[in-house]
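Q: below is the structure, and that's it, no one-letter string:
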């Protein structure tokens with residue numbers, strides 16, 4: 001038995017009560033698996049037999065009734081996963097793109113929203129003209145900046161989990177199995193970390209927490225699917241690297257503004273009016289914002305890319321940014337290295353492992369040049385987030401993983 005597995009099992013089995021709870025959990029998981037298998041087939045048969053919008057609406061009501069009748073979290077999650085799988089199968093069999101209300105938004109063509117209730121001039125440029133916010137949650141005031149009213153990728157307008165979040169929970173489970181043990185759960189991993197801390201093995205606790213961060217951020221990246229998601233694909237000369245970086249950072253509990261007050265006062269409560277009192281924060285705006293405000297919001301500047309990769313490997317949110325005034329700047333997210341995905345060295349330059357939208361979109365690669373200091377970008381640097389973390393995902397602080405001292 002390896003040490004990590006030992007601490008996970010210690011976290012689960014300290015007492016007889018914990019053992020009984022584990023048995024009950026396994027019974028619940030077995031029942032949930034049976035429910036998933038049964039309903040996935042049932043949902044698929046229904047979708048094939050009833051393609052009309054009227055029947056789809058009736059189906060939605062029936063699903064909600066069934067969902068509300070279930071007693072356990074495992075069964076409710078299994079029902080959602082069954083619906084998600086059935087719809088993906090159904091659309092794949094038809095060779096069609098799923099509509100945004102029933103399928104993972106990783107295949108949606110809906111552009112991100114910047115501001116709720118904002119007055120947008122008809123001549124407003126780039127992304128704003130493409131906004132359709134009908135399916136998105138109402139903006140929430142963040143704990144960092146009361147006026148930063150931004151789209152929430154992970155929660156629907158009615159307060160329910162979005163398809164992105166449903167996909168995340170499935171991907172997270174798979175990564176926990178890959179990184180820890182085939183039977184690891186979020187609960188067992190967090191309890192294992194607590195067990196290691198209680199026994200004074202802080203090195204093991206740090207390792208496990210960094211691995212939990214790794215599982216979560218790769219689950220986020222897979223759920224957003226930047227390489228295939230039409231939301232982030234370049235179009236008409238526009239790129240969406242800042243939007244993608246924002247979506248990853250906020251999922252992992254960090255703060256990266258999408259808009260900012262035009263008077264640079266983050267504490268003023270204003271009804272946001274695009275172009276009058278708030279402005280969108282593209283990368284050319286984010287670079288000087290980081291220099292002026294970044295430390296106030298938990299960001300630390302790093303110019304050594306080896307240090308940036310080490311920070312990501314240790315479970316810290318890390319991004320690389322560089323402005324290109326008169327054109328488009330760029331931002332990428334630094335990912336923790338895995339057994340198969342590594343940083344690289346090209347022509348004597350260390351290249352961190354990155355995920356990005358932009359002119360080229362990819363989930364994870366280091367097969368890029370050193371764009372941040374290639375002479376065409378200004379203020380190129382990495383930024384490591386050390387601030388308080390408040391995820392838009394249904395994760396507690398200790399479930400995010402990463403730096404234990406944040």
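A: Yep, it's here. Keep in mind that what you see is a predicted model, and the values were worked out from it rather than measured.

Q: ok, residue 366 - contacts?
A: Residues counted as contacts of residue 366 (CB atoms under 8 Å, 6 or more residues apart in numbering) are 341-344, 351-354. Using the backbone N, CA and C atoms, a C-beta is placed for each residue, glycine as well.

Q: same thing but at 7 Å, please
A: 342-344, 351-354 (CB atoms under 7 Å, 6 or more residues apart in numbering).

Q: can you pull out the helices in the stretch 201-350 of the chain?
A: Using DSSP state H, counting those that start in this stretch, the helices of the stretch 201-350 of the chain run over residues 202-224, 241-251, 283-293, 305-313.

Q: domain parsing for the protein?
A: 1-96, 105-406 (automatic domain parsing).

Q: residue ranges of the strands in the protein, please?
A: 259-261, 278-280, 299-302, 318-323, 330-334, 344-346, 349-351, 354-356, 362-365, 378-385 (DSSP state E).

Q: out of those, which one sits most buried?
A: Greatest average neighbour count among the strands of the chain goes to strand 330-334 (a mean of 27), per mean count of other CB atoms under 10 Å.

Q: who touches that one?
A: 241-242, 245, 248, 283, 286, 308-309, 312, 318-322, 352-356, 358, 371, 377, 382.

Q: same thing but 6 Å
A: 241-242, 245, 248, 283, 308, 312, 318-322, 352, 354-356, 358 (CB atoms under 6 Å, 6 or more residues apart in numbering).

Q: and for stretch 242-250?
A: For stretch 242-250, using CB under 6 Å, 6+ apart, the contacting residues are 112, 153, 220, 224, 226, 232, 256, 258, 282-283, 319, 331, 333, 357, 392.

Q: recalculate using a threshold of 7 Å.
A: 112, 153, 220-221, 224, 226, 232, 256, 258, 281-283, 286, 317, 319, 331, 333, 356-357, 392.

Q: what's the average pLDDT for that stretch?
A: Confidence over stretch 242-250 (mean pLDDT, whole number) is 94.

Q: repeat for stretch 46-61
A: On average, stretch 46-61 scores 66.

Q: for stretch 398-405, same thing?
A: For stretch 398-405, the mean pLDDT works out to 85.

Q: which positions within that stretch qualify as buried?
A: The neighbour-count check on stretch 398-405 (16 or more other CB atoms under 10 Å) flags 399-403 as buried.

Q: with stretch 253-264 instead?
A: For stretch 253-264, by 16+ other CB under 10 Å, it's 253-261.

Q: and those, which is closest to residue 300?
A: Closest approach between these and residue 300, by CB to CB: residue 254, at 12.1 Å.

Q: these two touch, right, the closest one and residue 385?
A: Yes. Contact criterion CB atoms under 7 Å: residue 254 and residue 385 qualify, at 4.3 Å.

Q: shared neighbours of the two, anything?
A: With CB under 7 Å, 6+ apart as the test, residue 254 and residue 385 both reach residue 317.

Q: and the gap between residue 171 and residue 79?
A: Using CB to CB, to the nearest Å, residue 171 is found at 18 Å from residue 79.

Q: out of the two, which sits in the more crowded spot?
A: More crowded of residue 171 and residue 79, by other CB atoms under 10 Å: residue 79, with 21 against 18.

Q: check what pLDDT the more buried one gets.
A: At residue 79, pLDDT is 74.

Q: likewise the one 10 residues further on?
A: Looking at residue 89, its pLDDT is 69.

Q: the one 3 residues further on too?
A: Per-residue confidence (pLDDT) for residue 92: 65.

Q: same thing with residue 226?
A: Looking at residue 226, its pLDDT is 94.

Q: just want the phi and psi numbers for it.
A: When read as degrees, to the nearest 10, the backbone of residue 226 gives phi -60, psi -30.

Q: need the strands of the chain in JSON lines with distance to residue 182, can you?
A: Shown next, in JSON lines, are those (distance: least, CB to CB, whole Å):
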{"stretch": "strand 259-261", "distance to residue 182": "44"}
{"stretch": "strand 278-280", "distance to residue 182": "44"}
{"stretch": "strand 299-302", "distance to residue 182": "36"}
{"stretch": "strand 318-323", "distance to residue 182": "29"}
{"stretch": "strand 330-334", "distance to residue 182": "28"}
{"stretch": "strand 344-346", "distance to residue 182": "31"}
{"stretch": "strand 349-351", "distance to residue 182": "33"}
{"stretch": "strand 354-356", "distance to residue 182": "26"}
{"stretch": "strand 362-365", "distance to residue 182": "23"}
{"stretch": "strand 378-385", "distance to residue 182": "31"}
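
Q: burial count for residue 304?
A: For residue 304, using other CB under 10 Å, the count is 11.

Q: picking that back up, which of the buried residues of stretch 398-405 sit farthest apart?
A: Among these, 399 and 403 lie farthest apart (CB to CB), at 14.0 Å.

Q: can you list phi and psi of residue 337 for me?
A: Dihedral angles (degrees, to the nearest 10) for residue 337: phi -70, psi 150.

Q: quick one: residues contacting residue 350.
A: So residue 350 contacts 305-306, 343 (CB under 7 Å, 6+ apart).

Q: returning to what we had before: distance to residue 47 and mean pLDDT for the strands of the chain - can I get that in CSV?
A: Shown next, in CSV, are the strands of the chain (distance: least, CB to CB, whole Å; pLDDT from 0 to 100):
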stretch, distance to residue 47, mean pLDDT
strand 259-261, 39, 78
strand 278-280, 39, 78
strand 299-302, 45, 95
strand 318-323, 40, 97
strand 330-334, 35, 97
strand 344-346, 44, 93
strand 349-351, 44, 95
strand 354-356, 33, 97
strand 362-365, 29, 96
strand 378-385, 42, 94
